[in-house]
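# Need a 3D model of the following:
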Amino acid sequence: MLAVIMMTRIHAMYQQSKPILIFLVVALLASTIASGVILGMGNIGISGKEFVLSGYHICLVQITRAKMNLNHEMVIPTAIWEILAFFLAIWIVIKRFYEMRQSPTGSTMGDCFTMLIKSHALYFLAFAAVACFNLGDLSPNLLYSTAVGADIYGGALRVARVLQMFVVGPRLILSVREYHTKLVAKSDGGTGMSSIAFQARGRVSTGGDV
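Alright, predicted model coming up:
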């Protein structure tokens with residue numbers, strides 16, 4: 001769900017460009033399919049046995065280290081997608097900033113640039129940071145370590161994932177809605193000012209004719 005939201009936001013940042021949309025759809029599908037293939041390969045051949053100890057049923061799963069590594073590596077395609085989205089967002093921000101400096105009328109472009117920085121690029125930075133944490137967790141020094149540092153890293157990663165899912169993602173949606181609300185308010189205000197100005201000009205011209 002978050003990946004689809006990110007794709008639509010990047011598409012909007014690139015002014016709904018069709019080549020960008022095709023590229024994003026292909027990249028997202030490739031990431032999703034690769035994650036599914038890795039997950040399927042990691043779960044093939046896993047066997048389990050049920051034991052009864054003191055009246056309690058216990059299921060023990062036998063899995064090799066190679067299968068465990070595949071299950072952990074399932075996050076790699078998703079991390080690549082999130083890092084790619086971050087670089088695409090940064091590229092369009094730099095491009096818009098350059099256009100804003102070159103354009104003689106920079107008010108509208110400045111508002112767009114502010115929206116890109118506040119509502120999109122910073123959120124994609126958070127997604128990319130969590131993706132880097134996910135990739136770092138695949139290190140053998142952390143994955144199979146019993147040190148306190150590895151436990152702290154794992155706990156911080158779990159907290160970051162929860163924040164990404166329930167804080168950063170919803171805030172990205174809300175920020176887009178807030179931006180559109182401000183645009184509608186400014187558009188209504190501009191229409192009202194134009195109407196007032198038009199009426200004022202009409203009265204002045206009528207007085208001159210008399």
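# Residue 60 versus the closest residue to residue 168 other than its chain neighbours, what's the distance?
Nearest residue to residue 168 in three dimensions, chain neighbours excluded: residue 126, at 4.9 Å (CB to CB, 6 or more residues apart in numbering). Where you see a C-beta, it was placed from the backbone N, CA and C, and this is true even at glycine. Using CB to CB, to the nearest Å, residue 126 is found at 39 Å from residue 60.
# ok, now residue 145?
For residue 145 relative to residue 60 (CB to CB), the value is 24 Å.
# out of those two, which sits in the busier spot?
The neighbour count for residue 145 versus residue 60, taken as other CB atoms under 10 Å, is higher for residue 145 (14 against 9).
# Need the residues that contact stretch 133-143.
72, 73, 75, 76, 78, 79, 150, 153, 154, 156, 157, 160 (CB atoms under 8 Å, 6 or more residues apart in numbering).
# Span of it from start to end?
Length of stretch 133-143, first residue to last, CA to CA, to the nearest Å: 12 Å.
# State the mean pLDDT of that stretch.
Averaged over stretch 133-143, pLDDT sits at 86.
# Same question for stretch 91-108.
Stretch 91-108 comes out at a mean pLDDT of 72.
# So which bits of the strand or helix carrying residue 122 are buried?
Assigned by DSSP states H and E, residue 122 belongs to helix 122-136. Using 16 or more other CB atoms under 10 Å as the test for burial, helix 122-136 gives 123, 124, 126, 127, 128, 129, 130, 131, 133, 134.
# Go ahead and confirm the second one touches residue 6.
Pointing back at residue 124 there. Yes: using CB atoms under 8 Å, residue 124 is in contact with residue 6, at 7.1 Å.
# Find the residues that touch each one of those two.
Common neighbours of residue 124 and residue 6 (CB under 8 Å, 6+ apart) are 82, 85.
# Tell me how far the residue lying closest to residue 9 once chain neighbours are set aside lies from residue 31.
In space, and not counting its chain neighbours, residue 9 is closest to residue 120: 5.7 Å by CB to CB, 6+ apart. Applying CB to CB, the value for residue 120 to residue 31 is 20 Å.
# Residue 172 too?
18 Å.
# Ok, residue 25 next?
Distance, residue 25 to residue 31, by CB to CB: 11 Å.
# for residue 45, same thing?
25 Å.
# Neighbour count for these two, which is higher?
Neighbours of residue 45 and residue 31, each counted by other CB under 10 Å, are more numerous for residue 31; the result is 19 against 10.
# so what's that one up against?
Counted by CB under 8 Å, 6+ apart, residue 31 has contacts 3, 77, 78, 80, 81.
# In its sheet, which strands sit next to the helix or strand where residue 52 lies, and in what direction?
For residue 52, the host element (DSSP H and E) is strand 47-53. When pairing is defined by DSSP bridges, strand 47-53 lines up against strand 56-62 (antiparallel).
# can you give me the offset of the partner strand from its chain's centre?
39 Å (CA atoms, centre = their mean, to the nearest Å).
# Other residues contacting that strand?
Residues contacting strand 56-62 (CB under 8 Å, 6+ apart): 46, 47, 48, 49, 50, 51, 52.
# Kindly recompute the last result at 7 Å.
By CB atoms under 7 Å, 6 or more residues apart in numbering, the surrounding residues in contact with strand 56-62 are 46, 47, 48, 49, 50, 51.
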